[in-house]
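*Asks:* what follows is a protein structure lacking sequence information:
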Ligand code: HEM
């Protein structure tokens with residue numbers, strides 16, 4: 001078995017669309033990722049994806065952006081306990097609450113202990129998904145811990161959330177509750193469709209935990225990168241630039257898209273060849289070979305993004321047909337279902353924008369709200385990148401508000 005790698009943007013984009021390449025990034029993370037959407041292939045994947053896409057409708061995005069995100073922002077900012085804060089830590093709090101909302105997991109008692117438990121669970125699921133990156137001797141211990149975390153997630157959060165939703169679904173079936181009264185989340189869709197999708201309880205549990213992970217983990221790090229770029233840009237552009245960003249949320253959204261391009265949440269996608277085939281760059285892959293699709297390199301391809309592709313440039317003009325975020329959200333059969341939620345949609349050039357109804361996406365909404373709240377780098381303590389993992393993430397990012 002060989003490992004082949006693609007790095008040019010066009011080759012990576014084309015490879016992600018090839019039906020003979022099957023998901024392989026999570027092969028070692030089966031304890032959490034076995035038969036969740038992103039690891040399925042072919043017909044089974046298509047059916048489940050179609051069912052789950054029903055959650056992500058226009059009215060869902062609207063409610064989420066205009067009700068859920070502002071409420072969560074308020075709640076997390078009010079609960080801060082000191083004058084020193086950490087951006088990564090704040091990011092976890094925002095995203096945990098937001099991801100629970102679309103996964104369909106109810107908070108049970110809203111205590112600080114519960115929040116700490118959920119953040120711990122999220123970090124653990126992150127370890128599980130990328131378990132392939134753990135050293136050999138550490139794998140077994142990591143598996144046992146993940147199992148325990150999944151059991152606790154099941155007992156404390158999944159079971160009561162599923163029971164509440166099942167009771168509501170039963171009422172709809174009995175004609176005593178209107179269908180529109182059901183929660184708009186992934187767990188409700190899965191429970192409603194479990195016969196058609198042939199799901200057993202364990203699969204619904206893992207799928208819900210996967211959504212919690214897919215939605216929150218990625219966005220925590222995207223938020224830290226976006227705020228870092230905005231603050232660093234303000235430092236280089238001078239004092240007044242900060243206020244220009246606060247006054248222009250659409251510009252902040254463009255900043256965030258440029259930041260998404262530079263920092264895909266996973267630097268690579270990984271696929272396994274299901275048959276012998278020629279890859280888009282002409283390399284010959286044999287059945288079972290691993291193909292690394294290097295999203296980070298592809299998004300820095302100078303042929304597509306210009307000679308300054310490695311730099312942060314929010315005024316960058318991209319070629320027609322290429323997304324400002326590059327392939328950070330994937331493309332093809334596994335293209336991210338949460339892209340609109342996380343990134344919103346950029347205005348169409350030349351068309352007027354209604355700010356009240358425009359969809360900014362979670363990361364831009366929060367980046368702008370943090371700037372409006374006066375976020376600054378802590379002058380006394382420098383941020384630190386996590387050197388221990390291949391993913392480029394901030395380990396800590398001390399900040400202050402309104403200093
Ligand atoms: C910063 C934000 C995010 C980034 C950068 C991101 C990135 C990605 C990427 C690269 C993939 C494709 C993986 C592959 O091809 O192997 C993907 C798939 C997926 N993402 Fe996201 N994602 C983000 C946020 C979200 C959110 C908020 C949700 C949940 C609502 C979500 C749900 C999913 C799902 C369900 C899939 C699997 C789709 C499928 O296999 O059919 N993501 N994401």
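*Replies:* Great, that's in hand. On a predicted model such as this, the values are computed, not experimentally measured, just so you know. Residues are numbered from 1 along each chain as shown.
*Asks:* pLDDT score assigned to the residue of the stretch 251-400 of the chain found nearest the ligand?
*Replies:* Closest approach between the stretch 251-400 of the chain and the ligand, counting by C-beta to the nearest ligand atom: residue 338, at 2.1 Å. All C-beta spots, glycine's among them, are computed from the backbone N, C-alpha and C. Residue 338 carries a pLDDT value of 93.
*Asks:* and for residue 265?
*Replies:* pLDDT for residue 265: 90.
*Asks:* near it, how many other residues are there?
*Replies:* Residue 265 has 21 neighbours, counted by other C-beta atoms under 10 Å.
*Asks:* which SS class is it?
*Replies:* Assigned with DSSP: H, G, I helix; E, B strand; the rest coil, residue 265 falls in the coil class.
*Asks:* that one against residue 220, yeah?
*Replies:* No - with contacts counted by C-beta atoms under 8 Å, residue 265 stays clear of residue 220, the gap being 9.2 Å.
*Asks:* can you name the next helix or strand after the strand or helix carrying residue 114?
*Replies:* Element membership for residue 114 (DSSP states H and E) is helix 112-129. Counting by DSSP H and E, the next helix or strand C-terminal to helix 112-129 is helix 136-153.
*Asks:* and that following helix with helix 112-129, angle?
*Replies:* Between helix 136-153 and helix 112-129, the angle comes out at 140 degrees (axes from the mean of the first three to the mean of the last three C-alpha atoms, to 10 degrees).
*Asks:* surely residue 326 touches residue 9?
*Replies:* Yes - Residue 326 is within contact range of residue 9, at 7.1 Å (criterion: C-beta under 8 Å).
*Asks:* now what about the lowest-mean-pLDDT helix or strand in the chain, what contacts it?
*Replies:* The helix or strand of the chain with the poorest confidence is helix 194-197; it has a mean of 72 (mean pLDDT, DSSP states H and E). Under the contact criterion C-beta atoms under 8 Å, 6 or more residues apart in numbering, helix 194-197 has outside partners 47-48, 51, 190, 204.
*Asks:* at 7 Å instead, please
*Replies:* Here helix 194-197 makes contact (C-beta atoms under 7 Å, 6 or more residues apart in numbering) with 47-48, 51, 204.
*Asks:* list the buried residues for that helix?
*Replies:* Within helix 194-197, the residues scored as buried using 16 or more other C-beta atoms under 10 Å are 194, 197.
*Asks:* that helix near the ligand anywhere?
*Replies:* No - against the ligand, helix 194-197 shows no contacts by C-beta under 6 Å from any ligand atom, the least distance being 13.8 Å.
*Asks:* returning to that earlier point: out of the contacts of helix 194-197, who's the most crowded?
*Replies:* Of all the contacts of helix 194-197, residue 48 has the most neighbours under the rule other C-beta under 10 Å, reaching 23 neighbours.
*Asks:* can you tell me how far that one is from residue 185?
*Replies:* 15 Å (C-beta to C-beta, to the nearest Å).
*Asks:* go on, residue 246?
*Replies:* From residue 246 to residue 185 the distance is 32 Å (C-beta to C-beta).
*Asks:* for these two, indicate the residue with more neighbours.
*Replies:* Higher neighbour count among residue 246 and residue 185: residue 185, with 21 against 15, using other C-beta under 10 Å.
*Asks:* please name the nearest non-neighbouring residue to that one.
*Replies:* Ranked by C-beta to C-beta, 6 or more residues apart in numbering and with sequence neighbours excluded, the top spatial neighbour of residue 185 is residue 104, at 3.3 Å.
*Asks:* secondary structure element holding the closest residue to residue 293 other than its chain neighbours?
*Replies:* Spatially, and ignoring its direct neighbours in sequence, residue 293 is nearest to residue 269 (4.3 Å; C-beta to C-beta, 6+ apart). Using DSSP H and E, residue 269 sits in strand 268-273.
*Asks:* now residue 61
*Replies:* Here residue 61 is assigned to helix 58-63, by DSSP H and E.
*Asks:* tell me the first helix or strand C-terminal of that helix.
*Replies:* Taking DSSP H and E, what comes next after helix 58-63 is helix 69-78.
*Asks:* packing partners for the helix or strand just after that following helix?
*Replies:* Using DSSP H and E, the helix or strand that follows helix 69-78 in sequence is strand 85-86. In terms of contacts (3 or more C-beta pairs under 7 Å, 6 or more residues apart in numbering; DSSP states H and E), strand 85-86 is packed against strand 398-401.
*Asks:* and the strand it packs on, what's buried?
*Replies:* Neighbour-count burial for strand 398-401 flags 398-400 (criterion: 16+ other C-beta under 10 Å).
*Asks:* need phi/psi at residue 290.
*Replies:* Per-residue torsions, residue 290: phi -100, psi 140 (degrees, to the nearest 10).
*Asks:* ok, it touching residue 270?
*Replies:* Yes - counting by C-beta atoms under 7 Å, residue 270 is a contact partner of residue 290 at 6.3 Å.
*Asks:* list residues touching both of these two?
*Replies:* With C-beta under 7 Å, 6+ apart, residue 290 and residue 270 have common neighbours residue 24.
*Asks:* does whichever residue of the stretch 1-150 of the chain sits closest to the ligand count as helix, strand or coil?
*Replies:* Sorted by distance to the ligand under C-beta to the nearest ligand atom, the residues of the stretch 1-150 of the chain start with residue 38, at 3.8 Å. At residue 38 the chain is in helix, as set by three-state DSSP.
*Asks:* ok, it to residue 25 distance?
*Replies:* Separation of residue 38 from residue 25 (C-beta to C-beta): 8 Å.
*Asks:* between these two, which has more neighbouring residues?
*Replies:* residue 25 (22 against 18).
*Asks:* I'd say the more buried one and residue 269 touch.
*Replies:* Yes - using C-beta under 7 Å, residue 25 makes contact with residue 269 at a distance of 6.1 Å.
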